[in-house]
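Asks: Give me the fold of what follows.
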Amino acid sequence: MRIYLDLCCLKRPFDAQDQSLVRLQTDAVLSILALPGKTAALIRASAQVLENSLNPVQARREAVASWLAQAPVAQLSDEDLSPRIANLIAFGFKSFDAFHLASAELSEADVFLTVDFPLLKLATRLSEKLHVRVADPVSLLEELSQWIH
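Replies: The predicted structure is shown next:
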């Protein structure tokens, strides 16, 4: 399974862990990052690298960069990305969310993971207009657990 994690997912382990849902999502993200290559292939795209480079906290930026470095870079052209990003923005997605979604679609991800509930809600409502399934990491880990064990 080809998996695209947005930066909300990749930064979740650095959020305050005092809420049960945040801890659960953190565990799910870390478990997905640790899945064997036969089960999951992570996708790295310029959208993730760019957004991560804007993180002002060096330790977090370096940790996320290290996770992203585990995956080969998806070679996506601006000619393909730009019109799709514009379409997604027209549907109501924020610009970085549209950049991530377009990157996931064009890199042929099976699933796009996010812990951003407004993004997840909009993507669910517009699922027939998207070319990638959008899910949260906890749900995906539940789904994958039947294949892992």
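Asks: can we go C-alpha only for contacts and neighbour counts from here?
Replies: Will do.
Asks: ok now do P13, which residues does it touch?
Replies: Contacts were defined as CA atoms under 8 Å, 6 or more residues apart in numbering; by that measure P13 touches 23, 26-27, 29-30.
Asks: Against which helices or strands is the lowest-mean-pLDDT helix or strand in the chain packed?
Replies: Taking mean pLDDT, DSSP states H and E as the measure, the chain has helix 137-148 as its least confident helix or strand, at a mean of 87. When contacts are defined as 3 or more CA pairs under 8 Å, 6 or more residues apart in numbering; DSSP states H and E, helix 137-148 sits against helix 20-33.
Asks: Give me the contacts around the very next helix or strand once past the helix it packs on.
Replies: Once helix 20-33 ends, the next helix or strand along the chain (criterion: DSSP states H and E) is strand 41-42. With contacts defined as CA under 8 Å, 6+ apart, strand 41-42 is touched by 1-5, 33, 70-71.
Asks: ok, and the most crowded of the contacts of P13?
Replies: Using other CA atoms under 10 Å as the neighbour test, these are led by V29, with 25 neighbours.
Asks: what residues are up against that residue?
Replies: With contacts defined as CA under 8 Å, 6+ apart, the neighbours of V29 are 9-10, 12-13, 137-138.
Asks: ok, so of those residues, who is nearest L88?
Replies: Looking at the contacts of V29 and their distance to L88, the nearest is C9, at 20.2 Å (CA to CA).
Asks: Which pLDDT value goes with that closest one?
Replies: C9 carries a pLDDT score of 96 in this model.
Asks: now P72
Replies: Turning to P72, the model gives it a pLDDT of 88.
Asks: Apart from its chain neighbours, what residue comes closest to it?
Replies: Leaving aside its sequence neighbours, P72 sits nearest to R44 (CA to CA, 6 or more residues apart in numbering; 6.1 Å).
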